[in-house]
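J.: generate a structure from the sequence data that follows.
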Amino acid sequence: MSEDPVTAQRLRQGLPVIVALASFLLVVGVMAALYFGREILVPVTLAILLSFVLAPFVRALRRIRVPRAPAVMLVVVVVFGALFGIGSLIASEASQLASDLPRYTITMRDKIRDLRGATNGAGSLSRLVDMVQDLGAAIQPPPAAEYKGDPGTPTHPLTVELSPARTSVLDTLQTFAGPVLHPLATTGLILIFTIFILMQREDLRNRAIRLVGPGDLRRTTAAIDDATSRLSKFFLAQLALNIAFGVVIGVGLGLIGVPSPTLFGVLAAILRFVPYIGAAISALLPVVLAAAVDPGWSMVIATVALFLVVEPLCGHVIEPLLYGHSTGISPVAVILSATIWTFLWGPIGLVLATPLTVCLVVLGRHVERLWYLDVLLGDRPALDPPEIFYQRMLANDPAEAIEQGRQFLKERALVTYYDQVVMAGLLMAQEDLSRGTLVRSRQDEVGESIRTVVARLGTSPVARRPRKGKASRGADTETAAALDAIGPDRQEAAIVLGRDDLAPAWRGTKPVLCVSSRGPFDEAATLMLSQILARHGLASQTLSMAAIRSGEKPEDMAGIAMVCFSYLEPVSLSQVRFTVRQARAAIPGVRVLVGFWRERDPSTLARLRRATSADDLVTSLSDALSAALDASRTGRAPQALPEARPAPVTVVQGAIA
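T.: Next up is the predicted model:
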């Protein structure tokens with residue numbers, strides 16, 4: 001039975017809506033499961049994250065031949081004992097602070113009175129002071145009734161209080177024991193889960209491999225091992241840094257004289273797991289308490305200065321040294337994840353937001369089926385550098401591309417950027433043009449934007465020293481990702497020839513002629529080649545094929561030693577061969593270089609060179625530069641092109657129609 005064409009068309013049209021609705025329902029279902037299952041999921045999640053931290057210590061004990069079970073129990077007992085000790089310390093310090101708070105009421109009232117006098121009772125600051133005073137009065141216990149005159153007549157009306165009926169022993173026990181038993185039960189679950197995760201770590205890893213990547217066992221195993229190793233190192237580094245932050249804050253507050261410095265140090269260490277705002281939240285209460293304790297303002301100023309010095313030092317100096325520039329999460333994803341996890345799991349979700357999101361990003365980078373997590377949450381650019389460049393050209397935003405290019409040129413040579421980013425973007429534009437998806441008006445706009453970027457970047461200063469490693473710490477995320485993807489400069493990128501280094505035939509005013517062809521983007525490619533050659537001591541001139549056909553002649557034709565032809569869109573080899581012969585007939589003894597920028601198979605270069613009768617045939621600007629430098633220094637006759645790497649090249653950009 002044949003399928004109804006109308007029904008099939010309606011199904012195809014409605015498929016995106018069905019997919020979007022199914023995705024929405026899936027997200028809602030997952031969030032509902034996280035919210036209603038938090039009593040179980042929170043202990044399990046804490047146990048998993050804790051296992052990442054404890055696993056290196058278990059492995060260390062295993063390396064000294066301690067059996068697995070005793071090693072796990074020893075590590076867990078030590079860690080949970082320390083946690084219980086810290087919890088007891090927090091409870092004791094909080095109780096002491098609560099009992100001391102009424103003593104600081106008078107000092108706080110005096111400061112509020114001084115602030116009110118300074119504002120003269122008007123303005124927003126005065127209203128803020130009134131609000132603070134009202135709040136302070138609201139949280140104070142009601143004063144005892146005062147008697148004036150007749151002892152039996154109080155100045156305040158009598159308060160009638162209705163006492164509830166007596167409750168049973170079971171209700172009383174539940175009321176008082178519930179708040180204590182619930183945290184103990186949660187802690188017990190975390191303890192049990194942590195022990196079993198550490199004991200069955202390899203078995204759980206194998207089950208995860210079976211779930212996410214049964215097709216490629218080797219690759220999936222390497223990815224999961226790498227992910228768990230990275231997460232363990234990250235969590236350990238973050239834990240060590242936050243503990244050090246809390247210790248420094250606690251010691252500093254103790255030296256300043258703020259009460260309960262141990263409590264505030266522990267809170268600072270815990271709240272610093274919350275990105276961006278955690279340190280500010282941890283500073284709020286010590287600053288308020290310092291204002292209540294000290295009659296003057298020196299303690300407040302010292303407390304604020306302590307946080308303003310320690311937090312930037314940890315966040316911008318020590319943190320990048322420990323685990324890179326960031327957690328690998330985009331700033332928007334950090335705020336969004338903190339909001340979502342706080343909604344789902346409350347305060348514990350706020351503390352766990354960053355570690356949980358880091359886990360999701362690592363999974364997205366290593367598990368192919370979860371790639372979208374890295375795109376949604378990661379800080380790496382969602383597009384490749386050439387795609388970003390081409391998108392900016394389509395958006396008619398050359399200024400942003402110029403700025404990003406200049407950041408790139410602080411680390412790499414211009415020829416590397418042109419080859420790996422701009423030329424690749426030009427090829428993408430040419431593909432759209434060939435498919436007919438780029439209309440005429442858009443062709444002109446994109447071509448003009450690309451030429452603007454090339455013209456501006458050609459005036460950028462040369463990098464003082466090319467770097468072969470990763471991006472420096474000053475590079476932004478997009479630039480760092482581009483540098484890591486592109487790799488180091490080639491050796492010829494650092495060579496600049498002087499006049500004395502050139503062979504006699506290359507000492508003319510402009511020894512290289514670059515010819516652009518009919519395509520709308522060939523002019524930009526020709527300009528790039530001309531700039532590259534000029535930067536390395538080989539001045540060049542550019543002409544279009546249309547100008548040559550109209551009778552325009554290049555300057556100082558006798559001084560031209562190389563002609564470079566560049567092809568973004570390949571034409572027939574017979575046309576290329578005819579053009580090469582015309583160039584040799586017009587300029588006797590000239591060296592001819594042909595650039596096929598779309599060709600990427602080195603095994604075909606020798607065959608193409610012979611078919612086109614070119615002296616040099618290249619597929620990149622770096623190869624063209626290498627060939628031109630080699631020919632200009634030696635002046636030797638053309639030689640066979642190696643299959644692994646193109647021979648010396650002269651570039652003429654353009655195809656002949």
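J.: what sits against Ile560?
T.: The neighbourhood of Ile560, defined by CB atoms under 8 Å, 6 or more residues apart in numbering, consists of 508, 510-513, 554, 587, 590. Backbone N, C-alpha and C define where each C-beta goes, glycine included.
J.: how about a cut-off of 7 Å?
T.: Neighbouring residues of Ile560 by CB atoms under 7 Å, 6 or more residues apart in numbering: 508, 511, 513, 554, 587, 590.
J.: would you list the residues you listed in CSV and tack on pLDDT, secondary structure and neighbour count?
T.: Below are the contacts of Ile560 laid out as CSV (pLDDT from 0 to 100; DSSP: H, G, I helix; E, B strand; the rest coil; neighbours: other CB atoms under 10 Å):
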residue, pLDDT, secondary structure, neighbour count
Gly508, 83, coil, 17
Pro511, 89, coil, 25
Leu513, 89, strand, 28
Pro554, 80, coil, 19
Ile587, 85, coil, 19
Val590, 88, coil, 20
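J.: now render the residues you listed as TSV, adding distance to Ser441.
T.: Formatted as TSV, the contacts of Ile560 follow (distance: CB to CB, whole Å):
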residue	distance to Ser441
Gly508	41
Pro511	38
Leu513	32
Pro554	32
Ile587	38
Val590	38
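J.: not counting its neighbours along the chain, what's nearest the residue positioned nearest the centre of the chain?
T.: By CA atoms, centre = their mean, the chain has its centre lying nearest to Asp379, at 2.4 Å. Leaving aside its sequence neighbours, Asp379 sits nearest to Ser330 (CB to CB, 6 or more residues apart in numbering; 4.5 Å).
J.: next one: Met428
T.: Spatially, and ignoring its direct neighbours in sequence, Met428 is nearest to Tyr390 (4.7 Å; CB to CB, 6+ apart).
J.: which secondary structure element contains the one you found?
T.: Element membership of Tyr390 [criterion: DSSP states H and E] is helix 385-394.
J.: so what secondary structure elements neighbour that helix?
T.: helix 398-409, helix 423-435, helix 440-457, helix 477-486 (3 or more CB pairs under 7 Å, 6 or more residues apart in numbering; DSSP states H and E).
J.: what is the last one packed up against?
T.: In this structure, helix 477-486 makes packing contacts with helix 385-394, helix 398-409, judged by 3+ CB pairs under 7 Å, 6+ apart.
J.: residues contacting stretch 493-508, please?
T.: So stretch 493-508 is in contact with 413, 415-416, 466, 536-538, 556, 559-561, 629, 632-635, going by CB under 7 Å, 6+ apart.
J.: pull out the buried positions in that stretch.
T.: For stretch 493-508, a neighbour-count test (16 or more other CB atoms under 10 Å) marks 493, 502, 505-506, 508 as buried.
J.: what pLDDT does the model give Lys148?
T.: pLDDT for Lys148: 48.
J.: relative to Ile209, how far out is Asp203?
T.: In this view, Asp203 and Ile209 are 11 Å apart by CB to CB, to the nearest Å.
J.: of the two, who's got more company?
T.: Taking other CB atoms under 10 Å, Asp203 and Ile209 do not tie; Ile209 has more neighbours (17 against 9).
J.: wait, that one sits on Thr228?
T.: No: using CB atoms under 7 Å, Ile209 is not in contact with Thr228, being 11.6 Å away.
J.: who touches both of those two?
T.: Counting by CB under 7 Å, 6+ apart, no residue touches both Ile209 and Thr228.
J.: check contacts around Phe521.
T.: Applying CB under 7 Å, 6+ apart, the residues contacting Phe521 are 426, 429-430, 447, 450, 568.
J.: try 6 Å this time
T.: Going by CB atoms under 6 Å, 6 or more residues apart in numbering, Phe521 touches 426, 429-430, 447, 568.
J.: do a quick rundown of the strands in the stretch 451-600 of the chain.
T.: Remark: strands assigned in the stretch 451-600 of the chain by DSSP state E, counting those that start in this stretch are 512-516, 540-544, 562-567, 591-596.
J.: can I get those in TSV with distance to Ala338?
T.: Listed next are these as TSV, based on distance: least, CB to CB, whole Å:
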stretch	distance to Ala338
strand 512-516	53
strand 540-544	54
strand 562-567	51
strand 591-596	51
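J.: quick one: closest of these to Phe57.
T.: Phe57 lies closest, by CB to CB, to one member of those: strand 591-596, at 57.6 Å.
J.: now what about that closest one, what contacts it?
T.: With contact meaning CB under 6 Å, 6+ apart, strand 591-596 is reached by 562-567, 580, 583, 612, 614-619, 624, 631, 649-651.
J.: state the next helix or strand along the chain beyond it.
T.: Going down the chain from strand 591-596, the next helix or strand is helix 605-612, by DSSP H and E.
J.: what residues sit buried inside stretch 413-430?
T.: Neighbour counts over stretch 413-430 (16+ other CB under 10 Å) mark 413-430 as buried.
J.: and that stretch, how far from the chain's centre?
T.: 23 Å (CA atoms, centre = their mean, to the nearest Å).
J.: measure that stretch end to end?
T.: End-to-end span of stretch 413-430 (CA to CA, to the nearest Å): 25 Å.
J.: which residues touch that stretch?
T.: Outside stretch 413-430, the residues that touch it by CB under 6 Å, 6+ apart are 385-386, 389-390, 408, 446, 466, 486, 489, 493, 521, 525, 528, 532, 568-569, 620-622, 625.
J.: next one: Pro67 from Ala291, what distance?
T.: 55 Å.
J.: quick one: which of the two has more around it?
T.: Neighbour tally, Pro67 and Ala291, criterion other CB under 10 Å: the higher count belongs to Ala291, 19 against 10.
J.: send the alpha carbons of stretch 333-342 over as CSV?
T.: Taking Å, rounded to 0.1, in the frame of the first residue of the first chain, the C-alpha atoms of stretch 333-342 are listed here in CSV:
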residue,chain,number,x,y,z
ALA,A,333,26.4,28.6,32.2
VAL,A,334,27.8,29.2,35.6
ILE,A,335,25.0,31.6,36.6
LEU,A,336,22.3,29.5,34.9
SER,A,337,23.5,26.2,36.6
ALA,A,338,23.7,27.9,40.0
THR,A,339,20.1,29.1,39.5
ILE,A,340,18.8,25.8,38.4
TRP,A,341,20.6,23.6,41.0
THR,A,342,19.6,26.0,43.8
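J.: give the buried residues for that stretch.
T.: 333-334, 336-338, 340-342.
J.: show me what stretch 25-42 is in contact with.
T.: Residues outside stretch 25-42 that contact it (CB under 6 Å, 6+ apart) are 344-345, 348.
J.: nearest to Ser544, of these?
T.: For the contacts of stretch 25-42, the nearest to Ser544 is Leu344 (62.2 Å; CB to CB).
J.: what is the mean pLDDT for the helix or strand in which Leu376 is found?
T.: Element membership for Leu376 (DSSP H and E) is helix 371-377. Averaging pLDDT along helix 371-377 gives 82.
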